[in-house]
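Q: sequence first, then the predicted structure:
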Amino acid sequence: MNKIVKKVLGIGLSVAMVGGMFAACSNGGQTDETTTAAAAAEGGKTFKVGICQLVQHEALDAATKGFQDKLTELAEADGNKVEFDTQNAQGESTNCATIVNQFVSNKSDLIMANATPALQAAMNATAASKIPVVGTSVTDYGTALEIDMKAGDPTGINVTGVSDLASLEEQAKQITTLFPDAKKVGCIYCSAEANSTFQVEGIKAALSKSGVETEFYSFADSNDIQGVAKKAAAESDVIYIPTDNTAASNGQVIAAACEEANTPIIAGEEGIFKSTNAVATFSISYYDIGVHAGEMAYEILSKGTDPATMAIWQPTDLTYFVNDEMAKKYKVTVPENYESYDFSKAE
């Protein structure tokens, strides 16, 4: 009985080998692209990447997606894989620390920090391990990391990334161009976000050159926004909101306060522009800066480039958007270089 079984198995194996040879010959001796890609991926590297996103809102979501899309694309093109561990800190800096410490414990190959508190937590958590950190949605790295550096310089440590800063001089010019009669601009921002403070101070310095008064209206967290927004709207001719994550998550609250006081809003980026029903913005694409962060991350992972030597990337492709309905309401004369925003594309 055992001899029969062995004989049958032997015949089966022979048939399988012949079938495999025939299949190869029928395909010109080459495997199809799917098989090749699968084989390459199987033999390639797998990179473990942890993503810490401060809070869920449109801008940060877009940056994370751009990062994942680009990093995946580049890795797969080389026959490699990326395993993402994406965590949301729900707007809490303490959660950022917990998340990135877990990434360090899990020996992630790289950490992507989305927003300033996430970057600060990642820098602290990787001080010993030197795991590479790539930041995005961060305005000024020197301010965020308390490093003496110019915008666009390398950090000199295991951190690099991309900035989301639109020229503050241009934003101040936008305010005075659209609202030439404005005497007082109220800046609404979260005092816990270092880069928000950086932006409003820059706006104040720029507006002072035009003789426009600037008043700061800060809140500690989302619980204070409504009262602060109402006060700011009642006391200001125009409201300016920087690329502030807490403000972005509570845009409708600010919009309601400004609607009640009939005070127009200028927003620091596209997401806040939409959520607050602002008149205009001078904005980057957060998806695009995420893409660029993904390119930087893959250079580190695939080539071993030291993030300490990589210059912080500054965005150059920005767009002037106008909300036609609100521009009409406030009788704004819109310059020709402004693009009417298509709200139908809002998610």
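A: Structure received.
Q: Leu110: neighbouring residues, count only.
A: Leu110 has 23 neighbours, counted by other CB atoms under 10 Å. Backbone N, C-alpha and C define where each C-beta goes, glycine included.
Q: please, where are all the strands along the stretch 1-150 of the chain?
A: 46-53, 81-88, 110-114, 133-138 (DSSP state E, counting those that start in this stretch).
Q: got a markdown table for those, with distance to Pro264 and mean pLDDT too?
A: As requested, the strands of the stretch 1-150 of the chain are exported to a markdown table (distance: least, CB to CB, whole Å; pLDDT from 0 to 100):
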| stretch | distance to Pro264 | mean pLDDT |
| --- | --- | --- |
| strand 46-53 | 31 | 98 |
| strand 81-88 | 32 | 98 |
| strand 110-114 | 30 | 98 |
| strand 133-138 | 26 | 97 |
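Q: of the ones you listed, which is nearest Ile300?
A: With CB to CB as the measure, strand 110-114 is the member of these nearest Ile300 (6.2 Å).
Q: strands paired with that closest one, and their directions?
A: strand 46-53 (parallel), strand 133-138 (parallel) (DSSP bridges).
Q: before we move on, back to that, go through the strands of the stretch 1-150 of the chain and name the closest to Ile272.
A: So among those, strand 133-138 is nearest, using CB to CB, at 12.4 Å.
Q: re the thing from before, mean neighbour count and distance to Asp324 for the strands paired with strand 110-114 - can I get that in a markdown table?
A: A markdown table is the format used below for the strands paired with strand 110-114 (neighbours: other CB atoms under 10 Å; distance: least, CB to CB, whole Å):
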| stretch | mean neighbour count | distance to Asp324 |
| --- | --- | --- |
| strand 46-53 | 22 | 32 |
| strand 133-138 | 30 | 28 |
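Q: mind putting these in TSV, distance to Pro117 included?
A: As requested, the strands paired with strand 110-114 are arranged in TSV below (distance: least, CB to CB, whole Å):
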stretch	distance to Pro117
strand 46-53	9
strand 133-138	10
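Q: how long is stretch 319-338 from one end to the other?
A: Terminal residues of stretch 319-338 are spaced 8 Å apart (CA to CA, to the nearest Å).
Q: how distant is that stretch from the center of its chain?
A: In terms of CA atoms, centre = their mean, to the nearest Å, the centre of stretch 319-338 is set 26 Å apart from its chain centre.
Q: repeat that for stretch 75-90.
A: Distance of stretch 75-90 from the chain centroid (CA atoms, centre = their mean) equals 15 Å.
Q: picking that back up, and of the strands paired with strand 110-114, who's closest to Gln68?
A: Taking CB to CB as the criterion, strand 46-53 is the member of these that comes nearest to Gln68, at 7.6 Å.
Q: so Pro154 is in contact with Ile312, correct?
A: Yes: using CB atoms under 8 Å, Pro154 makes contact with Ile312 at a distance of 7.2 Å.
Q: neighbour count winner among the two?
A: Ile312 (23 against 17).
Q: now do the same for that one: its pLDDT.
A: pLDDT recorded at Ile312 is 98.
Q: measure the nearest residue to it once chain neighbours are set aside to Met310 for me?
A: Nearest residue to Ile312, sequence neighbours excluded (CB to CB, 6 or more residues apart in numbering): Tyr141, at 5.1 Å. Applying CB to CB, to the nearest Å, the value for Tyr141 to Met310 is 11 Å.
Q: then Ile188?
A: The gap separating Ile188 from Met310 is 34 Å, by CB to CB.
Q: do Ser105 as well
A: In terms of CB to CB, Ser105 sits 25 Å off from Met310.
Q: compare these two (neighbour count), which wins?
A: Met310 (18 against 10).
Q: correct me, but that one touches Pro154?
A: Yes: in this structure, Met310 is within contact of Pro154 by CB under 8 Å, at 5.8 Å.
Q: what's the overlap in contacts for the two?
A: Thr160 (CB atoms under 8 Å, 6 or more residues apart in numbering).
Q: who's in contact with the residue positioned nearest the centre of the chain?
A: By CA atoms, centre = their mean, the chain has its centre lying nearest to Ala63, at 3.2 Å. Listed by CB under 8 Å, 6+ apart, the contact set of Ala63 reads 114, 136-137, 164, 286-287, 289-290, 293.
Q: please report the distance of it from Ala248.
A: From Ala63 to Ala248 the distance is 12 Å (CB to CB).
Q: ditto for Glu76
A: 32 Å.
Q: so those two - more neighbours on which side?
A: Ranked by neighbour count (other CB under 10 Å), Glu76 and Ala248 place Ala248 first, with 26 against 15.
Q: ok but that one is inside a helix, no?
A: Yes: applying DSSP: H, G, I helix; E, B strand; the rest coil, one finds Ala248 inside a helix.
Q: list the contacts of it.
A: Neighbours of Ala248 in contact, by CB under 8 Å, 6+ apart: 57-60, 269, 271-272, 275.
Q: redo that, cut-off 6 Å
A: Neighbouring residues of Ala248 by CB atoms under 6 Å, 6 or more residues apart in numbering: 57, 271-272.
Q: which residue packs closest to it, ignoring adjacent ones?
A: Once flanking residues are discounted, Ala248 sits nearest to His57: 4.5 Å by CB to CB, 6+ apart.
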